[in-house]
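Chemist: here you go, sequence then predicted model.
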There are 2 protein chains.
Amino acid sequence: MPPHRSRRRIPEATVARLPVYLQILVDQAGEGVENISSEGLAELAGVNAAKVRKDLSYLGSYGTRGVGYEVDYLVYQIRRELGLDHDWPVVIVGAGNLGQALAGYGGFNDRGFPVAGLVDIDDDKVDTVVGGIRVRPLDELAQIVAARNVSIGVIATPPPAAQDAADRLVKAGVTSILNFAPVVLSVPVGITVRKVDLAVELQILSYHEQRRAAASQGGQLHAVSTDRGRGATA
Amino acid sequence: MPPHRSRRRIPEATVARLPVYLQILVDQAGEGVENISSEGLAELAGVNAAKVRKDLSYLGSYGTRGVGYEVDYLVYQIRRELGLDHDWPVVIVGAGNLGQALAGYGGFNDRGFPVAGLVDIDDDKVDTVVGGIRVRPLDELAQIVAARNVSIGVIATPPPAAQDAADRLVKAGVTSILNFAPVVLSVPVGITVRKVDLAVELQILSYHEQRRAAASQGGQLHAVSTDRGRGATA
DNA sequence: CGGGCTTTGTGCACACGTTCACAAACCGCC
DNA sequence: GGCGGTTTGTGAACGTGTGCACAAAGCCCG
């Protein structure tokens, strides 16, 4: 069976679901499950079975008709496709409330994203230790990125400092950024940015709450059906 | 001009962008800007101008041709549509690393989502104070929800406890959940759930990094163009 | 070895989201 | 009051994502 180095582009919507499948499959493997059908996986992932099949078909034809998918093999294939066959060290900029929580959050290390460094501009924070990581001055960012071959940066600064952090990360050679600051970053083409904004998430929920309230008061009530990649309504 | 209580449904993709526009508009208002064109707003939000106009058109016709949009009025309208004309108290389940960071994060309170309560199942954590909030036992969840009229719950527990937390939140009367645990929650219809999974975000970035590496080594390089609601590539 | 049952992989139709392009509306100035 | 310049609001085309439905493929059993 050929390694099948897919040069094929996978739709973004699918890329966003693969990690979810992966998580579930790893859990299932841990419970001794050897095979799983698209329907079974769909059930656990809370999506449509056809979607699961189509998603997995982008990886290649790794199922067996009449049987389903071999869990271990599927885990291997998804890992490979997502580039999770090796670790990706990350550097965190900003050792405030959130930066500390992130550094201390075990989930990073466990899932193949070791914290290669945690930097802050504030001298009072430098050299304090959080989650086993010693905070380094912002100036050492470039060094850390170069030394540990970091390609992913996490921005956990206050909003006004976020753009500067992004500029420094890019200059240091980072090509992917996960931005927790509620700010729209401007970066050169070719740099991938993803934004996680807690306030935005809450405001989206607020919209649905408001809508519910308005509906129950006046109009008829619809079954709300959120979705769109992340987030869903049952 | 009639208040225009829109009973119209707004597309999810638009709902996800409105908070971003809002943020920018508030900033602009703070700098004394009175009017803004769709192009100006689009520039700041990193999106297409036509998209801005279409998004805003779902709220009603609040622009003036040849001039643009009045910033203050637009802020008011977006706030109203998102249900941000009053506070939405939230209750946080789980006072671990993340739960504490969330409780301590000023952004919640500032943006209209005061923390009405922070509960944990672990007695050792109960009564400790984090971010000005005293941790309460899990059993008091229902009380807190009822007393403060909470409709939004935040799950910041370890994965195995997340479903139980969701069940308790729903039983207590919460109708929207923001889930930080890397677990697919199962909830009754009518409950809105949004999931924020840091590992998933990193894995999506990993995919793009892996792709970049594969491309530069073998095939031709494409301009990567991520997007999909949140996250973007420049 | 063939027939029945199960499950994948995918063509097709539909829904949703994005972008273009342009008429309609408004401002300000002459 | 009309004319040129500007910007909105939206119809229409396009692209992406979803879900159905079914043929193809494999397993098991008689």
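Modeler: Done, it's in. Numbers count the residues shown, from 1 in each chain, chains lettered A, B, ... in the order given.
Chemist: all contacts plus neighbour counts: C-alpha atoms, from now on.
Modeler: Fine.
Chemist: does A:Ala116 belong to a helix, a strand or coil?
Modeler: Secondary structure, DSSP: H, G, I helix; E, B strand; the rest coil: A:Ala116 is strand.
Chemist: let's see the pLDDT reported for it.
Modeler: Looking at A:Ala116, its pLDDT is 96.
Chemist: residues of chain A that sit close to DNA strand D?
Modeler: Within reach of DNA strand D by C-alpha under 7 Å from any atom of the strand, chain A has these residues: A:11-14, A:47-48, A:50-51, A:64-67, A:228-229.
Chemist: would you format those as a markdown table with neighbour count, distance to B:Val33 and secondary structure included?
Modeler: Shown next, in a markdown table, are these (neighbours: other C-alpha atoms under 10 Å in any protein chain shown; distance: C-alpha to C-alpha, whole Å; DSSP: H, G, I helix; E, B strand; the rest coil):
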| residue | neighbour count | distance to B:Val33 | secondary structure |
| --- | --- | --- | --- |
| A:Pro11 | 11 | 39 | coil |
| A:Glu12 | 15 | 36 | helix |
| A:Ala13 | 15 | 37 | helix |
| A:Thr14 | 16 | 41 | helix |
| A:Val47 | 14 | 45 | coil |
| A:Asn48 | 13 | 47 | coil |
| A:Ala50 | 12 | 49 | helix |
| A:Lys51 | 15 | 46 | helix |
| A:Thr64 | 11 | 61 | strand |
| A:Arg65 | 8 | 62 | coil |
| A:Gly66 | 7 | 64 | coil |
| A:Val67 | 11 | 63 | coil |
| A:Arg228 | 13 | 33 | coil |
| A:Gly229 | 17 | 35 | coil |
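Chemist: and those residues near DNA strand C, which?
Modeler: Restricting the residues of chain A next to DNA strand D to those within reach of DNA strand C (C-alpha under 7 Å from any atom of the strand) leaves A:Ala50, A:Thr64, A:Arg65, A:Gly66, A:Val67, A:Arg228.
Chemist: now render those as a markdown table, adding distance to A:Lys195 and pLDDT.
Modeler: Formatted as a markdown table, those follow (distance: C-alpha to C-alpha, whole Å; pLDDT from 0 to 100):
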| residue | distance to A:Lys195 | pLDDT |
| --- | --- | --- |
| A:Ala50 | 29 | 98 |
| A:Thr64 | 38 | 96 |
| A:Arg65 | 39 | 97 |
| A:Gly66 | 41 | 96 |
| A:Val67 | 39 | 97 |
| A:Arg228 | 15 | 37 |
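Chemist: now do the helices in chain A.
Modeler: Remark: helices assigned in chain A by DSSP state H are A:12-30, A:38-45, A:49-57, A:71-82, A:97-104, A:106-110, A:141-148, A:159-172, A:198-217.
Chemist: what's the domain layout of chain A?
Modeler: Per automatic domain parsing, the structural domains of chain A span A:12-82, A:90-196.
Chemist: dump those domains into JSON lines; add distance to B:Glu43 as well.
Modeler: Converted to JSON lines, the domains of chain A look like this (distance: least, C-alpha to C-alpha, whole Å):
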{"stretch": "domain A:12-82", "distance to B:Glu43": "24"}
{"stretch": "domain A:90-196", "distance to B:Glu43": "10"}
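Chemist: comparing those, which comes out most buried?
Modeler: Mean neighbours per residue, mean count of other C-alpha atoms under 10 Å in any protein chain shown, is largest over the domains of chain A for domain A:90-196, with a mean of 20.
Chemist: give me the distance between the two termini of that domain.
Modeler: In domain A:90-196, first residue to last residue: 16 Å (C-alpha to C-alpha, to the nearest Å).
Chemist: please apply the same query to stretch A:134-144.
Modeler: Stretch A:134-144 has an end-to-end distance of 12 Å (C-alpha to C-alpha).
Chemist: rounded mean pLDDT for that stretch, please.
Modeler: For stretch A:134-144, the mean pLDDT works out to 98.
Chemist: low-confidence ranges in chain A?
Modeler: Applying pLDDT under 70 to chain A picks out residues A:1-7, A:218-234.
Chemist: DNA strand C contacts on that one?
Modeler: So chain A meets DNA strand C at A:36-39, A:50, A:53-54, A:56-57, A:60-69, A:228 (C-alpha under 7 Å from any atom of the strand).
Chemist: 6 Å instead, please
Modeler: Proximity of chain A to DNA strand C, by C-alpha under 6 Å from any atom of the strand, involves residues A:37-39, A:50, A:53-54, A:57, A:61-69.
Chemist: and which of the residues you listed is nearest to A:Ile152?
Modeler: Looking at the residues of chain A next to DNA strand C and their distance to A:Ile152, the nearest is A:Ser57, at 28.2 Å (C-alpha to C-alpha).
Chemist: quick check: the closest one vs A:Pro11, distance?
Modeler: A:Ser57 sits 12 Å away from A:Pro11, going by C-alpha to C-alpha.
Chemist: and A:Leu22, by the same measure?
Modeler: 17 Å.
Chemist: and A:Val130, by the same measure?
Modeler: Distance check for A:Val130 against A:Pro11: by C-alpha to C-alpha, it reads 38 Å.
Chemist: one step back: select, out of the helices of chain A, the one closest to A:Val135.
Modeler: helix A:97-104 (9.5 Å).
Chemist: elements contacting the closest one?
Modeler: If contacts are counted by 3 or more C-alpha pairs under 8 Å, 6 or more residues apart in numbering or on different chains; DSSP states H and E, helix A:97-104 sits against strand A:90-93, strand A:115-120, strand A:129-130, helix B:97-104.
Chemist: what's in contact with it?
Modeler: Residues from elsewhere that reach helix A:97-104, judged by C-alpha atoms under 8 Å, 6 or more residues apart in numbering or on different chains: A:92-93, A:108, A:115, A:118, A:130-133, A:156-157, B:97-98, B:101-102, B:104-105.
Chemist: also stretch A:196-212?
Modeler: Contacts of stretch A:196-212 (C-alpha under 8 Å, 6+ apart): A:178-182, A:221, A:224, B:15-16, B:19-20, B:81-84, B:88, B:107-108, B:111, B:113, B:151-152, B:175-178, B:192, B:194, B:196, B:230.
Chemist: quick one: A:Val26 and A:Tyr76 touch, right?
Modeler: No - A:Val26 is not in contact with A:Tyr76 according to C-alpha atoms under 8 Å; the separation is 10.0 Å.
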